[in-house]
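[1] using only what follows, build the 3D model:
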Amino acid sequence: MCTIKRVLVEIPTLETKHFLLRGMTKDDVSSLFVFMSNEDTMKYITPHPVKTMEELQTNIETSLNNFEAEKEIPWVVVQKENDEVIGMFRFHKLNLWHKKTEMGVVIRKDFQKSGVMSEILQQILSFGFNTLELNRIVGDIFAENQGSEKLLLKYGFKREGTLRQTDFDGSRFHDTVVFSLLKSDYYKMEV
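    Predicted coordinates for the structure are as follows:
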């Protein structure tokens, strides 16, 4: 059996002009709960956001355990100006052997459509392709999420297809659209 040398012993901090992505901790539960429990904020993520801080605490612990198992890298997005947590970003379904991951992100409602993701995505992609040496990064989104689709296309992601009726919100089904960016595409764009 082939083993892979451990890539990360701790979640690295990534920095942009206005934001820090720092490793998620158990102490982030109250800051994250403000928006992770909000149905409107979570409408393109899940029809069933967390209901209690205990549920979110369990989710954070799972993410941190997944990091230890090299299956996920969970960050919180912090506004540098005031050290306020305004979002969550993670590489999940991380597979270092196959050199691929999927992105998961939630940005607080009052920071959506304000350029946060445009600013941090550049740093995240660089980290994924240059530091982790990934070959493929996936963004899968609800079909109605036009803002995320526009962002992914801006950064060179290719639309791979639609997974029909993947999620049920209690009243209707939602399609998921899958986008991917390969390392070769990324390096062509970076020039």
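
[2] buried residues in the helix or strand hosting Ile60, which are they?
    Secondary structure assigned from DSSP states H and E places Ile60 in helix 53-68. Residues of helix 53-68 classed as buried by neighbour count (16 or more other Cβ atoms under 10 Å): 56-57, 59-60, 63-64, 66-67. For glycine as for every other residue, the C-beta is placed from the backbone atoms N, C-alpha and C.

[3] which residues does that helix contact?
    Identification of contacts with helix 53-68 by Cβ atoms under 8 Å, 6 or more residues apart in numbering yields 8, 11, 24-26, 28-30, 32-33, 36-37, 50, 72-74, 90, 92.

[4] which among those residues end up buried?
    Listed as buried from the contacts of helix 53-68 are 11, 24, 28-29, 32-33, 36-37, 50, 72-74, 90; burial here means 16+ other Cβ under 10 Å.

[5] before we move on, the earlier item: CA atoms only for the helix holding Ile60 - export them in CSV, please.
    The C-alpha trace of helix 53-68 is given here as CSV (Å, rounded to 0.1, in the frame of the first residue of the first chain):
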residue,chain,number,x,y,z
MET,A,53,-25.0,25.6,18.7
GLU,A,54,-24.5,22.1,19.9
GLU,A,55,-25.2,20.8,16.3
LEU,A,56,-22.8,23.3,14.9
GLN,A,57,-20.2,22.3,17.5
THR,A,58,-20.5,18.7,16.4
ASN,A,59,-20.1,19.8,12.8
ILE,A,60,-16.9,21.8,13.7
GLU,A,61,-15.5,18.8,15.5
THR,A,62,-16.2,16.6,12.5
SER,A,63,-14.4,19.1,10.3
LEU,A,64,-11.4,19.2,12.6
ASN,A,65,-11.3,15.3,12.7
ASN,A,66,-11.5,15.3,8.9
PHE,A,67,-8.5,17.6,8.9
GLU,A,68,-6.5,15.2,11.0
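
[6] for the protein, what are the low-confidence residue spans?
    1-7, 190-191 (pLDDT under 70).

[7] for the residue nearest to Val116 when sequence neighbours are not counted, what are phi and psi?
    Leaving aside its sequence neighbours, Val116 sits nearest to Ile107 (Cβ to Cβ, 6 or more residues apart in numbering; 5.4 Å). Per-residue torsions, Ile107: phi -110, psi 130 (degrees, to the nearest 10).

[8] got the contact list for Gly156?
    181, 185-186, 188-189.

[9] reformat the residues you listed as a markdown table; add secondary structure.
    As requested, the contacts of Gly156 are arranged in a markdown table below (DSSP: H, G, I helix; E, B strand; the rest coil):
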| residue | secondary structure |
| --- | --- |
| Leu181 | strand |
| Asp185 | helix |
| Tyr186 | helix |
| Lys188 | helix |
| Met189 | helix |
